[in-house]
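Visitor: I'll drop the sequence and a predicted model, then ask my questions.
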Amino acid sequence: MMDMDDGSDVSRVTIQSHRGALIASIQVDLEARVLRRFQSDLLEQVRSSKARAVIIDLTGVEVMDGADFDGLRRTIDMVSLMGTPTILCGLRPGVAAALVDLNVATEGLQTSLSLDRALDAIAAGESRDATLAASDGSRDQEPTDENPREKALDRE
Amino acid sequence: MRIRERRLSIENEMDVTRAVLETVSFCTAAGIDRGRGQLVATAVSELARNIIKYATRGDVILRPCAGPSGNGVEIVVEDDGPGIDDVEQAMQDHFSTSGTLGLGLPGVKRMMDEFAIESQRGRGTRVTIRKWL
């Protein structure tokens, strides 16, 4: 008998590293076991890759209910606690409409229309980071702020 | 519109996933546009999850329906579980007896064009929802 909970036969979310970001494309249904596996995979990769940001691409998601979103939101909050920002991208119209109707907690979430725009936002954040570090004259002090862009704006 | 009524048994999370996928294709076959079909499927997901969370088993019935101003889809989600003590309270946002998400009923109502709920303590719950083309 196969233990259904050992996770070995659970479909996994692919996580790729690209231009300093970890990109997770959700192509499968976010049932509880898939989400648990994704959560531990992602947190481990955030730690080991030292990526500047995480992008969760939802282009392939047709339906996301409140519980799916809640699980995803918890994962994003965990990544955030580790000091890495997350951008959600590619929400389909029906998914966005459903999440608003369901009244889920979307406060503080960073979103982008597409994967390209999410990557651009991270690149823009990095260049502002570099400007910030240069104007500080303290290159050894790596900014660990969750939202470097906001900090950069404060100084303008 | 030649689409047949479908009855799906809900006992576990895999059944919920299947019901959601079936709802998406049912709505497409009925001529409902993609975004609205996604709303219907999300509503089914919320209601079917309630079955496995509170009632152990139940059914999702997908059927075409006709109204005064055109056709649509009607979905009945029913179980013979413990029922809802206070339906009025369950229809308020952020009301929950277990966990933080509640039954999702106010959200389901907002996502659909028509929403009806019957629940009797110890007898079960039946939610009927409709979306017009």
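Guide: On my side now, so go ahead. A quick note: this is a predicted structure, and the numbers were derived from the prediction, not measured.

Visitor: just the closest residue of chain B to chain A, please.
Guide: Closest contact between chain B and chain A, by Cβ to the nearest Cβ, is at B:Gln38 (2.5 Å). Yep, even glycine has a C-beta here, placed from its N, CA and C like the rest.

Visitor: now do the contacts for the residue lying closest to that residue once chain neighbours are set aside.
Guide: Nearest non-adjacent residue to B:Gln38, counting by Cβ to Cβ, 6 or more residues apart in numbering or on different chains: A:Gly94, 2.5 Å away. Residues in contact with A:Gly94 (Cβ atoms under 8 Å, 6 or more residues apart in numbering or on different chains) are A:62-63, B:34-39, B:42.

Visitor: just how off-centre is the helix or strand encompassing B:Asn50 within its chain?
Guide: Secondary structure assignment for B:Asn50, by DSSP states H and E: helix B:34-50. Computed by Cα atoms, centre = their mean, to the nearest Å, the chain-centroid distance of helix B:34-50 equals 7 Å.

Visitor: so B:Glu22 versus A:Thr86, what's the distance?
Guide: In this structure, B:Glu22 and A:Thr86 are 32 Å apart, going by Cβ to Cβ, to the nearest Å.

Visitor: who has more neighbours, the two?
Guide: Of the pair B:Glu22 and A:Thr86, A:Thr86 is the one with more neighbours under other Cβ atoms under 10 Å in any protein chain shown, namely 26 against 16.

Visitor: pLDDT score for that one?
Guide: If you check A:Thr86, the pLDDT there is 97.

Visitor: name the SS class of the residue nearest to B:Gln38, please.
Guide: With DSSP: H, G, I helix; E, B strand; the rest coil as the basis, A:Gly94 sits in helix.

Visitor: kindly report the same for B:Asp15.
Guide: From three-state DSSP, the assignment for B:Asp15 is helix.

Visitor: let me see the contact set for residue 58.
Guide: Chain wasn't specified; assuming chain A. A:26, A:64, A:88-92, A:95.

Visitor: my bad, the chain I had in mind was chain B
Guide: Counting by Cβ under 8 Å, 6+ apart, B:Gly58 has contacts B:9-10, B:48, B:51, B:77-81, B:124.

Visitor: and stretch B:7-19, does that touch chain A?
Guide: Yes - applying Cβ under 8 Å from any Cβ of the partner chain, one finds stretch B:7-19 touching chain A at B:13-14, B:17.

Visitor: buried subset of those residues?
Guide: Restricting the residues of stretch B:7-19 next to chain A to buried positions leaves B:13, B:17, with burial counted as 16 or more other Cβ atoms under 10 Å in any protein chain shown.

Visitor: list the buried ones in the helix holding B:Asn50?
Guide: For helix B:34-50, the neighbour count (16+ other Cβ under 10 Å) marks B:36-50 as buried.

Visitor: quick check, the residue in chain A closest to chain B?
Guide: A:Gly94 (2.5 Å).

Visitor: if I look at A:Val61, how far off is A:Leu109?
Guide: The gap separating A:Val61 from A:Leu109 is 15 Å, by Cβ to Cβ.
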